[in-house]
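K.L.:
please work out how this folds:
(chains A and B)
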There are 2 protein chains.
Amino acid sequence: MPRISVIGLGAMGRPIAHNLLGAGYEVTVWNRSPRPVEELVAAGATAAPTLAEAFATGTVISMVSNDEVFAQLFLDSDVLAHAPADSVHINMATVSTELARRAAAVHAEHGVGYLSAPVFGRVAAAEAGRLTVIVGGPAALRERVQPVFDVIGASSWPMGERAEQASIVKILGNYLIACAIQSMGEAVSLAERSGVDAAELITLLSSTLFQGPAYASYGALIAAHEYTPAGFTTTLGRKDLHLALDVAERTGVTLPVGEVLRRAFDQAIADGRADEDWASIAEQQQSATGPR
Amino acid sequence: MPRISVIGLGAMGRPIAHNLLGAGYEVTVWNRSPRPVEELVAAGATAAPTLAEAFATGTVISMVSNDEVFAQLFLDSDVLAHAPADSVHINMATVSTELARRAAAVHAEHGVGYLSAPVFGRVAAAEAGRLTVIVGGPAALRERVQPVFDVIGASSWPMGERAEQASIVKILGNYLIACAIQSMGEAVSLAERSGVDAAELITLLSSTLFQGPAYASYGALIAAHEYTPAGFTTTLGRKDLHLALDVAERTGVTLPVGEVLRRAFDQAIADGRADEDWASIAEQQQSATGPR
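P.N.:
Numbering: from 1, shown residues only, chains lettered A, B, ... in the order given. Down below sits the predicted model:
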């Protein structure tokens, strides 16, 4: 039975660990808070008492919340120094490109294989093993862990030999979702003010020109003006938007829609929508002075 | 054999007329310039010597280029006054909501049935009879001409009893396409500056999050930086954007992305891209001062 560790049992890490168990893996887990560890142990996983012991399986998936946590756990600790030879660490979190580069370098120093494998898909997709996995890193490593991606994802997409290439793709995918949310918010407002049924508009568009989950799922939330419970919060959305704005600034690309989104996220959070679904940025198109 | 007239044999009107001929309709055609009339007559259509004679079939499709031409031909002429009782006019062009309202009123005055039925889909979709038809107008009229929509379109969508409701939906669909073009242009620029293959990015996104023709077809043009021949020109795109901006202004809705698009279209046209595909607005994200 192949062994694998899952580090970080949040909303996404938990279903990923469950699916690996279900697929017959011997799963070791580690998490900062104990509750999800207990749940996974009850389902058949083994709890690693330390992060170093989680690395002992030789194949490690981590899904932690942000750059800071990732750096603290894996780059600024001695975990990699004690990792077994030939081990591989698959980072599935969305991180900045700087962190992706630094992580690849630090893992290389310690002779630990490193893949960046962020995912598209919300919790339901993770539960169903239907995530879209974006993979950056050496082809040989990727091929070695492909069976793992096949359990987790509906499809996996190699995007280059460098870890940061996967980060860029993930950041751009989220950027385009945010753009779609904003523009659907504008269209839905215009429809409502013009006597067109917004839900019918979204159904039509997401059945024809704009098929696929981004328009259909966020469009439905926007047409219904329903943003709780959040699948992905406005706070997290703003974090990911800033990853895109940072890359743009560093590479000399202008993002005119990104500037619109920066204001929309800031305003949504000021309006108390931090913990609502990030589709709630769509709620800001009515002019204070306009007729209704 | 049911009779139908097609008025306006441009890029879209021609294939629509051909498909109606192919489906067994007795097709009468009228066009301001003679060349496409000759082509349709060679394919089996009858040329109407005057617009009034085109209306004599009792079922008329028109697909003319803009509000002004539509008003001149149908509203400011005496054509409707001489239309046979119980006739119906199906306007498939994208027109402003003001024109949609005025057209409905003028047709009603003359007892001529009026449907607004703008379409989504480019020339290839028209040729294949795979357009998406948006229908605004009385249900009884719509049901009467449903067999015509079934020849022209892959699907048809009733969006309300008022003609202008179909106009709004068409305007919003085009608005969302323009938003998608702009945001893909930003994402492709960022990808290229960051060492990510733009064509692979588009393939990935349009296979997963953003399925459907809008992202796939415009994304491919943007990733290839290929904007000729135009499927729909930048000039026409700007015209349709202004239809959305006008509705927004009239109804008191703000369109922050629409303002970005207004500048993008103006700049693209200033850059000589008026006759290129409207996806060419995507070519403006590189900062003059940024590194490459």
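K.L.:
what does stretch A:194-205 rub up against?
P.N.:
A:184, A:187-188, A:191-192, A:215-216, A:219-220, A:222-224, B:97, B:132, B:134, B:157, B:159-160, B:162, B:164-165, B:168-169, B:172-173, B:176, B:247, B:251 (Cβ atoms under 8 Å, 6 or more residues apart in numbering or on different chains). All C-beta atoms are positioned from the backbone trio N, CA, C, and that covers glycine.
K.L.:
er, stretch A:266-274 actually
P.N.:
A:Tyr227, A:Thr233, A:Thr234, A:Thr235, A:Arg238, A:Glu276, A:Ser280, A:Ile281, A:Glu283, A:Gln284.
K.L.:
start and end of it, how far apart?
P.N.:
One end of stretch A:266-274 to the other measures 9 Å (Cα to Cα, to the nearest Å).
K.L.:
pick out whichever of the contacts of stretch A:266-274 sits closest to chain B.
P.N.:
A:Gln284 (8.0 Å; Cβ to the nearest Cβ).
K.L.:
got phi/psi on the closest one?
P.N.:
Backbone torsions of A:Gln284, given as degrees, to the nearest 10, read phi -140, psi 20.
K.L.:
pretty sure it is touching A:Ala264, no?
P.N.:
Yes. Between A:Gln284 and A:Ala264 there is a contact under Cβ atoms under 8 Å: 6.1 Å.
K.L.:
of the two, who's got more company?
P.N.:
Set A:Gln284 next to A:Ala264 and count neighbours by other Cβ atoms under 10 Å in any protein chain shown: A:Ala264 wins out with 28 against 18.
K.L.:
in contact with that one, which residues?
P.N.:
Contacts of A:Ala264 (Cβ under 8 Å, 6+ apart): A:Gln182, A:Ile281, A:Gln284, B:Pro256.
K.L.:
kindly recompute the last result at 7 Å.
P.N.:
Contacts for A:Ala264 (Cβ atoms under 7 Å, 6 or more residues apart in numbering or on different chains) come out as A:Gln182, A:Ile281, A:Gln284.
K.L.:
do A:Thr208 as well
P.N.:
Per Cβ under 7 Å, 6+ apart, neighbours of A:Thr208: B:Phe120, B:Thr132, B:Ser155, B:Gly212.
K.L.:
can we see that at 10 Å?
P.N.:
Listed by Cβ atoms under 10 Å, 6 or more residues apart in numbering or on different chains, the contact set of A:Thr208 reads B:Phe120, B:Gly121, B:Leu131, B:Thr132, B:Ile134, B:Ala154, B:Ser155, B:Trp157, B:Gly173, B:Gly212, B:Pro213, B:Ala214.
K.L.:
what helix or strand is the last one on?
P.N.:
Element membership for B:Ala214 (DSSP states H and E) is helix B:213-224.
K.L.:
from the contact counts, what lies against the helix or strand following that helix?
P.N.:
With elements assigned by DSSP H and E, the helix or strand that comes after helix B:213-224 is helix B:234-251. Packed against helix B:234-251, as judged by 3 or more Cβ pairs under 10 Å, 6 or more residues apart in numbering or on different chains; DSSP states H and E, are the following elements: helix A:163-193, helix B:97-109, helix B:163-193, helix B:256-270.
K.L.:
what packs against the following helix or strand past the second one?
P.N.:
Using DSSP H and E, the helix or strand that follows helix B:97-109 towards the C-terminus is strand B:113-116. Packing contacts for strand B:113-116, counted by 3+ Cβ pairs under 10 Å, 6+ apart, involve strand B:59-62, strand B:88-91, helix B:97-109, strand B:131-135, helix B:139-152, helix B:163-193.
K.L.:
low-confidence regions, the stretch 151-292 of chain A specifically.
P.N.:
A:286-292 (pLDDT under 70).
K.L.:
give me the domain ranges for chain A.
P.N.:
Per automatic domain parsing, the structural domains of chain A span A:3-161, A:167-282.
K.L.:
B:Trp30: which of those domains is closest?
P.N.:
Among these, domain A:167-282 comes nearest to B:Trp30, with 30.1 Å by Cβ to Cβ.
K.L.:
show the end-to-end separation of the closest one, please.
P.N.:
26 Å.
K.L.:
still on that earlier bit, out of the domains of chain A, indicate the one that is most buried.
P.N.:
domain A:167-282 (a mean of 22; mean count of other Cβ atoms under 10 Å in any protein chain shown).
K.L.:
now do the shared contacts for A:Gln284 and A:Ala264.
P.N.:
Common contacts of A:Gln284 and A:Ala264 (Cβ under 10 Å, 6+ apart): A:Gln182, A:Gly185, B:Pro256.
K.L.:
could I get those residues as JSON lines with distance to A:Phe74?
P.N.:
Output for these, formatted as JSON lines (distance: Cβ to Cβ, whole Å):
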{"residue": "A:Gln182", "distance to A:Phe74": "34"}
{"residue": "A:Gly185", "distance to A:Phe74": "38"}
{"residue": "B:Pro256", "distance to A:Phe74": "39"}
